[in-house]
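**Student:** model the structure of this input:
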Amino acid sequence: MKNKGYKITEFDYKGNFLEWATWNIESFIKIVNEDLRSKGRNEFIVFVDDDYVDNELSNFDEDWDIDDEEYQINKDILIRHLNEVRGCYADYSKNNGVYIRLGTTFEEVVKSYCERINIGANLEIID
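**Tutor:** Alright, predicted model coming up:
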């Protein structure tokens, strides 16, 4: 059985027409993350599993003084955000620490990306 793919067309921020296709979640994430990085954006798509959550909480503890009055408030917010996307692919923005749930399957992730992150993109299914 042939895998279903997706063709994405869009205009970039300079007005250039872009067209690209992807047939699996790994290549999709690689393309999107490289594109975001090349544009200087401080965000990326990641799969949020238990190891990722543990690592983020460990990094938080290293970056914050436990005696800071806002430590527990901010840690609780981070835990809540991570739990909302645990087990899913998510778009993470380092600038504001926000995770946007994209889904658990290839189809969900691609559709959510086009509907919620790259709103100007058009999506076409390739059989």
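**Student:** please count neighbours and contacts with C-alpha atoms only from this point.
**Tutor:** Noted.
**Student:** which strand residues bridge the residue most central in space within the chain?
**Tutor:** Nearest to the mean C-alpha position of the chain, by Cα atoms, centre = their mean, lies D91 at 1.9 Å. D91 has these beta-bridge partners by DSSP bridges: I45, I100.
**Student:** could you measure from it over to I66?
**Tutor:** Going from D91 to I66 by Cα to Cα, to the nearest Å gives 28 Å.
**Student:** equivalent analysis for L123, please.
**Tutor:** 46 Å.
**Student:** more crowded one of the two?
**Tutor:** L123 (17 against 11; other Cα atoms under 10 Å).
**Student:** tell me, how many residues neighbour the nearest residue to that one once chain neighbours are set aside?
**Tutor:** Distances taken as Cα to Cα, 6 or more residues apart in numbering put I8 closest to L123, at 4.8 Å, once the chain neighbours are dropped. Neighbourhood size, I8 [other Cα under 10 Å]: 17.
**Student:** can you check K7 too?
**Tutor:** If we define neighbours as other Cα under 10 Å, then K7 has 16 of them.
**Student:** is it bridged to anything, and to what?
**Tutor:** A21, E124.
**Student:** mind listing what it touches?
**Tutor:** Counting by Cα atoms under 8 Å, 6 or more residues apart in numbering, K7 makes contact with E19, W20, A21, T22, L123, E124, I125, I126.
**Student:** how near is the last one to E107?
**Tutor:** For I126, the distance to E107 under the criterion Cα to Cα works out to 12 Å.
**Student:** quick one, which of these two is more surrounded?
**Tutor:** The neighbour count for I126 versus E107, taken as other Cα under 10 Å, is higher for E107 (17 against 12).
**Student:** mind listing what's buried along the helix or strand containing the more buried one?
**Tutor:** Assignment of secondary structure by DSSP states H and E places E107 within helix 106-112. Across helix 106-112, burial judged by 16 or more other Cα atoms under 10 Å covers F106, E107, V109, V110, K111, S112.
**Student:** same question, stretch 9-21
**Tutor:** T9, E10, A21.
**Student:** tell me which element the second one is part of?
**Tutor:** Okay, so that is E10. Using DSSP H and E, E10 falls in strand 5-11.
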